[in-house]
Structures are given as C-alpha cells and as structure tokens.
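K.L.:
below are the sequence and a predicted model for it; my questions follow.
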Amino acid sequence: MKDEEMRSQGAAGRRAEAREASSQGAAGQRMETRKRRNRRAEARKVRNQSRVDWRMERPEQGRSRRCARPLLAALAALMGCMLLLTGCHGSRGLDAFVMPESFDMAAEHEITFWAKNDTNKTQTAIYEQAIADFEKLYPNIHVNLRLYTDYGKIYNDVITNIATHTTPNVCITYPDHIATYLTGVNQVVPLEELFGDERYGLGGSEVKYDSPGKDEIIPQYLEECAFGGHYYAIPYMRSTESCYINKTYVEKLGFQMPDALTWDFVWEVSEAAMAMDGEGNFLVNGQKVLIPFIYKSTDNMMIQQIRQKGIGYSTEEGEILLFSDATKELLETIAEHTRTGAFSTFKVSSYPANFLNAGQCIFAIDSTAGATWMGCDAPLIDISPDKLVEFETEVLPIPQFDPANPQMISQGPSVCVFNKEDPQEVLASWLFAQYLLTDEVQIAYAQTEGYVPVTTKARQSQAYQDYLSRSGEDNALHYDVKIKATKLLLENVDHTFVTPVFNGSASLRDAAGQLIEETVKSIRRSQTVDDAYYGKLYEDLNARYHLDQLSRQDGSAQKEKADLGPLPRPAILLLSGLAVAWALMLFYVLFEKTKQRK
C-alpha cells in the first residue's frame, strides 16, 4: 500500500515536472516568435522610412514611377482614338488619272454605264444597240447598263457610292451634279488630256469608230461642260423648254396666236379662260376642270424669269443672289394667278401633258424632250382614249418679258467618266463614252424626242436632215409636234444660256423651284402670303438647302484654289491630338533617360 502510494506520488511528481518543462518550452517558443515578428516590423519600418526619405529627396521620380503605366495606357488610348478618327474622317480618295501609253486590247474590262431613259423603250433599245455595236469593236470591254427614270436618283446614288468607291464608270448627268461629285478627291476624270490624245482622243487615229473631232462638237455645248478650269464631261444630247399650246382654245377665247409669246399674253388668256357658266362648267371646254397654265419644271421657270428680267441668281463664284425683292415681285405675280386658279405646277397638280390632251389646259410648258407626250395625236399618251379632246397643237418658245431679246435655258444630259485605280479601265470607259458621240447614236437618240445632236457632224448628215424634212408624215418617228420642238431649239441655240456651276449649284436650282412650289401650295391652302411670308420662306429655303453656308464662303473660285481656307474643325482636333500625343511620349522618353543618367 505504502509502495503504491510512493509510486503514485513519484508518478505525480514526474508529471508535474513534465508539465513545467513543457510550459517553459512553449513560453520560449512564443517569445522567439514575438522577437521574429518585431524584427520584421522593424525592417518594414526602416524600408518605408527609406522610401519616404527617397521621395522627399526626389519627388518627381516618385511620381514618375507611379504614373508611368497609367500615362502609357492613356497615350495608347489616345493614339487609338486618333487612328479611329483618321479612318472615320474620310478616305484618301484616288490618285489622279494618268494616261496610259497604249490601250491593252488583251486585258478584259467590265464597266458600268448609268443612264436615264424617260421610260421610253425606244431609248432603251438605242442604248442596248450602242453597247452591242461597241462591244463588237472592243470585245475585251463589257458594258453593263443600269437605267434610271430620274436624274435625281442617279445623283443620289453616285453621292452614296463615292464613299465606297463603287461609282459607275460612265454616267449620264448634269454639270451641277458633277460639281458636287468633285468634293471627292479625284473622283471625276478631267477630260482635256483624253480630248487631245492623238491616238485615243476625239477623232483619234487608233479609235475603232468614226469619232468626231473636238471642233465638230457644238462649241457652246462643250463649254457648258467646263468649270473649275477643266472639262469634266462631254455633252450627249441638248434640249430646252417649249410651250405646247391648245391653239383651238386660244382662238375660241377671241385671241390670235402671236409670233412670240409674252408672259402678259399667257396670263391674260389664262384669266379669260376662267369664265364659267351657271352650272360650274368652264365656258372654253365645257368641263368642270381647267387649269389654263401648268409649268412642269418650276426651277426652270424661276431661273428663266430671273434671267429675262436681269435679276441676280448667283455669281460664277457661288455667291447667292436669288433671295431678292425683285424675285419676290415675280413670285407675287405667280401668286396672283394661282389665287384665281389660272396657274399651277406639275408637283401640285400633275403632268401638264395629261391636262393638255384632256382639254383641261391651254399652255403646257415642258422640255422639248417631252414632245412625244404632247397633243391629241401624240405617240405616247398617258390618259385613256375616251378622255382625249381634239385640238390643234402649237409649239412656241417659252414666254418672254422682252420678245426682241429672247432668253431660254439650255439643258439636256452630259456624260462624265469616273476615275478608277486602273488607268486602263478609265481609258476603256472613255472609249465607250466617246462612242456615244458617233452619228449613229446621236441621230437615233435625238429622234426619240425633241432632242438635238451635239455635233455638227450629226446635224449636217443626210440622215438627220432627211428626218427633219419629213415632219408630219406619221405620228410616230416623224410626229410633227416633236419635230417642231426640235427645230425650235435648232433655231434658238444662240438665245440659250446655262447657270453658273459650283459646289452647291444643284441645291440653288432646287431652291429656285421651291420658291414657286411653296408659294402655289400656300395660296391653294388659303394661307396669308405677304412680305412676312416671303421673308420666312427665304430663311427656310436658305437653311433647308444650306445656301447660307455657301453665301458665307470667302473669295472667288480662283482664291479657293490657291487658298483652301481654314481646316475643318475635325481635322484641327485630329492634328492637335496627334501633336499632343507625340509630345507627351517624347517628354516621357527624355525624362526616363535623364533619370537613368543620374
């Protein structure tokens, strides 16, 4: 028992000693751990103090290291934005066309030709035949024809396609439209070099057809295609406007047809025709519908009245003179006769030929190129036969303020050649464009309407003279109204004019027509049309067509060529941003090198 107690006490003593030793060991470990932690904390404190001391001694280097990465990132982002802006700002355009040494007949070329055909199937057939004949001469050139019924649609499509470099190769167009195309870099080919090339130019020795020489193109028509110091087109067809008159009704109203129309005569007859019976029928035609005077193209009406009166329209340099008190007086006269119902326009009422042929119009003004639609025997009629009224059709030049000094507009399509990356493709396009001036094409197309050929060669040909001499033999090819309209232009070439061509001239033309259209619509809506109305109309059209911007352009066309003026704001921002980015990068590189030397 005693032994057991002694063993128990001895075991207890050993366990106590063991616990004490263990406790002392753990305490030692904890103390060592604390010491290590304290040493690390002290080391960190020393390092941090060193950094603080270093930054206090060299604050700019401390900031440099902290900002280096964000600065480089910002510069990279800025450069990316600049590149993006460069891409969005617009394409570089094309290199200027350079005349090849020769035309490669072994190379295949596919070119596109955009044309207008007035829904006239005969015109379509002439284009197709011209292409077929040309491809026989040049089997390595393939021409794709795309037809339009409206010049405005051609214009809009070309503008859209310039940005994507998908313009046609050859295009029927107007000089006003070409002036806008030229805002793209080297988009339209200047033709002087092509005109004068001994081999492939006008009348060139290696052209595979009977091409007219430059001196065989009517000089006035060729000059209409020159602006900005270059020829940018060749004339294709020419026309003017004529007045198609129901002579039967004029005489029924007690008037005699004059040799030359005046505006006063047309207004007087038109007002006289408004007399009605007690049942609301017009006395002159026995119908309830009559608009004595309808004008197809009101832009031409406004422009020609302005020209005849000697009123300002625009300068050659693009200064806008249209919105004047003198123009307002012309509009007030138009408003007066609109108010009585004696006048309307194509856009407001409808096609004048339809009213004329139905006996519901006396004076219908339209292009000589619309002659095949005019008159009760016209080969092209757009109303039902039971609506036609028999009458004698007279064809005269448009009304004048001064018959002794007649002024009428020259119009009609021209042809331009668009630039491409391959000069051989451009030369192929030129050869086709030039083919449209051959006698075969010129005479055939002129016979479809009241057009006239643009070359003396075609006009003086036996075939064309025979065509003119057979007026009235039938109501198809030799329809008398059509040939009367043709002769009207041939006899008045010296009395025709064109308006100045500049970037924005197409918009100015549209605005001129809208002056009349808006006035007529406002009168028909019983709105107040007075000085305040015209002031507001001028402001609205100025803004709508951005003519106020054109008017603010400084200097002349020559000055614009020598001094293009201040850079556009996007270009200024682009160049400024690039300059700042490069300056910052250069500064950083120099700074780092200087720091490393220290």
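P.N.:
It's in.

K.L.:
tell me, how many residues neighbour Ala335?
P.N.:
20 (other C-beta atoms under 10 Å). Using the backbone N, CA and C atoms, a C-beta is placed for each residue, glycine as well.

K.L.:
pretty sure it contacts Thr519?
P.N.:
Yes. The criterion here is C-beta atoms under 8 Å, and Ala335 meets it with Thr519 at 5.3 Å.

K.L.:
list residues touching both of these two?
P.N.:
Val529 (C-beta atoms under 8 Å, 6 or more residues apart in numbering).

K.L.:
can you list the residue ranges for strands in the stretch 151-300 of the chain?
P.N.:
170-173, 226-227, 230-231, 234-235, 241-246, 293-295 (DSSP state E, counting those that start in this stretch).

K.L.:
could those strands be laid out in CSV, adding mean pLDDT, mean neighbour count and distance to Leu330?
P.N.:
Formatted as CSV, the strands of the stretch 151-300 of the chain follow (pLDDT from 0 to 100; neighbours: other C-beta atoms under 10 Å; distance: least, C-beta to C-beta, whole Å):
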stretch, mean pLDDT, mean neighbour count, distance to Leu330
strand 170-173, 96, 26, 29
strand 226-227, 93, 19, 27
strand 230-231, 96, 18, 34
strand 234-235, 98, 24, 30
strand 241-246, 98, 26, 17
strand 293-295, 98, 26, 13
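
K.L.:
give me the contacts around stretch 368-387.
P.N.:
Counting by C-beta under 8 Å, 6+ apart, 118, 120, 237, 239-242, 244, 296, 351, 353-354, 356-358, 364, 366, 388-391, 393, 395, 412, 448-451, 475-476, 479, 481-482, 484-486, 488-489 sit against stretch 368-387.

K.L.:
quick one: which of those sit in helices?
P.N.:
Judged by DSSP state H, those include 353-354, 356-357, 481-482, 484-486, 488-489 as members of helices.

K.L.:
out of those residues, which one sits closest to Asp176?
P.N.:
Taking C-beta to C-beta as the measure, Asp176 lies nearest Leu489 of the ones in helices among the contacts of stretch 368-387, at 20.0 Å.

K.L.:
now do the contacts for that closest one.
P.N.:
238-240, 242, 368, 450, 452, 496.

K.L.:
derive a ChimeraX selection command for the buried subset of the residues you listed.
P.N.:
Selecting the buried subset of these in ChimeraX, with 16 or more other C-beta atoms under 10 Å as the burial test, is done by:
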select :238,239,240,242,368,450,452,496
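
K.L.:
min pLDDT across the contacts of Leu489, which one?
P.N.:
Lowest in pLDDT among the contacts of Leu489 is Gly450, which has 93.

K.L.:
so how far is Glu128 from it?
P.N.:
Distance from Gly450 to Glu128, counting by C-beta to C-beta, to the nearest Å: 22 Å.

K.L.:
and what of Trp263?
P.N.:
Counting by C-beta to C-beta, the separation of Trp263 from Glu128 is 43 Å.

K.L.:
cool, and Ala163?
P.N.:
Ala163 is 30 Å from Glu128, by C-beta to C-beta.

K.L.:
check the offset of stretch 177-193 from the chain's centre.
P.N.:
From the chain centre to the centre of stretch 177-193 is a distance of 12 Å (C-alpha atoms, centre = their mean, to the nearest Å).

K.L.:
likewise for stretch 433-448?
P.N.:
Counting by C-alpha atoms, centre = their mean, stretch 433-448 comes out at 26 Å from the chain centroid.
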